[in-house]
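[1] For reference, the sequence and a predicted model appear below.
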Amino acid sequence: MVVGILQVELLIEWAGSLKDKRRVVLSLKDRLHREHQVSVAEVGALDQWRTAVLGITMASNSVPHCQGVLDGVLSKLRSGRDFVLNDHKIEIITGT
């Protein structure tokens with residue numbers, strides 16, 4: 001089994017409230033799940049208006065497949081209109 005973990009930090013510079021931030025995060029979570037079949041959760045900076053930290057995970061039977069899907073997610077995040085990708089970290093865990 002292979003588990004891929006992608007942690008991203010997004011800047012939502014225009015957000016004036018937590019409600020603005022939540023709208024962006026919810027829309028993004030739904031889109032990523034629908035288009036890439038990954039699980040997405042907000043895992044940090046919960047009370048900050050302009051910063052969102054998301055954890056994105058997937059399980060697979062192949063490291064290249066897992067890496068490819070997470071690279072696709074990163075590509076989508078780099079071209080976001082409502083936010084800027086500030087930082088990211090990918091980890092691939094393999095087990096027996």
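    Everything's here; your move.

[2] hey, where'd the helices end up in this protein?
    Assigned by DSSP state H, the chain shows helices spanning 18-36, 63-78.

[3] want to throw the ones you listed into TSV with distance to Ala52 and mean pLDDT?
    For every residue, glycine as well, the C-beta is placed using N, CA and C. Putting the helices of the chain into TSV (distance: least, C-beta to C-beta, whole Å; pLDDT from 0 to 100) gives the following:
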stretch	distance to Ala52	mean pLDDT
helix 18-36	5	93
helix 63-78	11	94
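
[4] closest to Ile90 out of those?
    Ile90 lies closest to helix 63-78 among the helices of the chain, at 5.7 Å (C-beta to C-beta).

[5] Distance-wise, check the closest residue to Gly16 other than its chain neighbours relative to Lys29.
    Closest residue to Gly16 apart from its sequence neighbours, by C-beta to C-beta, 6 or more residues apart in numbering: Trp49 at 7.0 Å. Distance from Trp49 to Lys29, counting by C-beta to C-beta, to the nearest Å: 18 Å.

[6] From the opening residue of stretch 57-65 to its closing one, how far?
    13 Å (C-alpha to C-alpha, to the nearest Å).

[7] buried set for it?
    By 16 or more other C-beta atoms under 10 Å, the buried positions in stretch 57-65 come out as Thr57, Met58, Ser60.

[8] can I assume the last one is in contact with Val2?
    Pointing back at Ser60 there. Yes - using C-beta atoms under 8 Å, Ser60 makes contact with Val2 at a distance of 4.7 Å.
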